[in-house]
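*Asks:* need a structure here:
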Amino acid sequence: MQFKRIKRNVNGVLLLDKPLGFSSNQALQKVKWLYQAAKAGHTGTLDPLATGLLPICLGEATKFAQYVTDADKTYFTTIKLGITTSTADAEGEVLSTVPVSITQSQFELACQKFIGEISQLPPMYSALKHEGKPLYAYAREGVDIARQARLISIKNIIVNTFLGDVAQITVTCSKGTYIRTLAEDIGKNLGCGAHLIGLRRIETAGYLLLQAIPIEQLEALTIEARDALLLPVDSAIESLPVVTLNADAAYFIMQGQAVWMSGKIPNRDLRLYDENNTFLGLGFLQDDGKIAPKRLIQKTQSN
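*Replies:* Okay, here's the model as predicted:
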């Protein structure tokens with residue numbers, strides 16, 4: 001006889017060090033299974049060839065996952081110059097090979113040209129959908145779909161090492177940036193071509209890779225030890241301003257009603273807390289000056 005696995009109402013944010021070869025969804029499902037969690041979601045896709053920081057939101061934290069997804073990201077990136085591939089990374093077929101005679105200063109100058117708001121064409125080998133089907137599925141069939149370039153922002157590029165045809169750089173960028181495409185475009189700018197051979201996410205939304213745990217270590221822990229790793233639900237939105245409500249205002253907010261607040265309130269999403277510093281959820285400032293609830297947490301949440 002098979003017994004149905006009991007699911008737990010567990011809440012919080014787990015910082016996972018995603019392993020090589022796992023898709024983001026595979027990593028999510030593994031974490032969800034280990035926690036026996038009733039609800040879970042990840043916060044931005046990492047390719048199977050990429051590793052590093054993947055925040056997993058459990059339970060009530062899933063209500064705020066989009067704020068982590070929308071945050072800037074930082075990647076430690078390894079680029080191979082002189083070789084282009086069909087996927088712009090090491091998984092693809094080699095399309096061209098040329099000798100490389102690039103100096104470090106030339107490489108650094110090329111990188112600087114991509115800092116700022118730039119237009120980037122999403123690659124065919126991506127999970128973007130066209131008529132309900134991911135682009136990579138069309139690419140595998142040899143079908144090229146017209147894509148629209150979109151604006152992304154490269155905040156900074158630091159050249160860590162340069163060894164003639166292999167460079168390691170740290171890139172901080174907006175969401176939606178394809179680092180594979182950036183590597184390919186840097187190679188085009190240098191006239192020698194390039195592709196991505198290593199990618200590791202090291203920071204997002206204030207979370208750091210050094211806080212993350214690998215899956216194999218997570219597997220070895222007891223369920224109690226796993227729960228102890230979870231960061232609070234409100235850690236997902238720490239960049240938002242805080243408003244503390246008195247007992248009456250907190251009560252009415254939790255009933256779904258807008259409340260008056262004295263003082264200057266930022267005209268944006270707000271983290272709401274009661275007088276005991278208990279996180280209540282998100283609110284926003286209405287045109288009439290009242291704070292209205294936007295996304296509240298259930299009082300039964302335990303993390």
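
*Asks:* and the chain, what are its domains?
*Replies:* 12-71+206-236, 73-196, 240-294 (automatic domain parsing).

*Asks:* so of the ones you listed, which one's packed in deepest?
*Replies:* domain 12-71+206-236 (a mean of 19; mean count of other C-beta atoms under 10 Å). For every residue, glycine as well, the C-beta is placed using N, CA and C.

*Asks:* Off-centre distance for that domain?
*Replies:* When C-alpha coordinates are averaged (C-alpha atoms, centre = their mean, to the nearest Å), domain 12-71+206-236 and its chain have centres 11 Å apart.

*Asks:* pLDDT wise, what is the residue lying closest to Lys129 once chain neighbours are set aside at?
*Replies:* Sequence neighbours aside, Leu135 is the residue nearest to Lys129 in space, at 7.5 Å (criterion: C-beta to C-beta, 6 or more residues apart in numbering). Per-residue pLDDT puts Leu135 at 73.

*Asks:* mind listing what Leu135 touches?
*Replies:* Pro122, Pro123, Met124, Tyr125, Ser126, Ala127, Leu128, Lys129, Ile145, Arg147 (C-beta atoms under 8 Å, 6 or more residues apart in numbering).

*Asks:* Now the phi/psi pair for it, please.
*Replies:* With angles defined as degrees, to the nearest 10, Leu135 sits at phi -60, psi -40.

*Asks:* Tabulate the CA atom coordinates of stretch 12-28 in CSV.
*Replies:* What follows is stretch 12-28, C-alpha atoms only, in CSV (Å, rounded to 0.1, in the frame of the first residue of the first chain):
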residue,chain,number,x,y,z
GLY,A,12,10.4,31.2,4.3
VAL,A,13,13.2,31.7,1.8
LEU,A,14,15.9,29.0,1.2
LEU,A,15,19.1,30.2,-0.5
LEU,A,16,20.1,27.2,-2.7
ASP,A,17,23.5,26.8,-4.5
LYS,A,18,22.1,25.3,-7.7
PRO,A,19,24.3,22.5,-9.0
LEU,A,20,25.5,22.1,-12.6
GLY,A,21,23.1,20.2,-14.8
PHE,A,22,20.0,21.0,-12.8
SER,A,23,17.3,23.2,-14.4
SER,A,24,15.8,25.7,-12.0
ASN,A,25,12.6,23.8,-11.9
GLN,A,26,14.4,20.5,-11.1
ALA,A,27,16.1,22.3,-8.2
LEU,A,28,12.8,23.8,-7.1
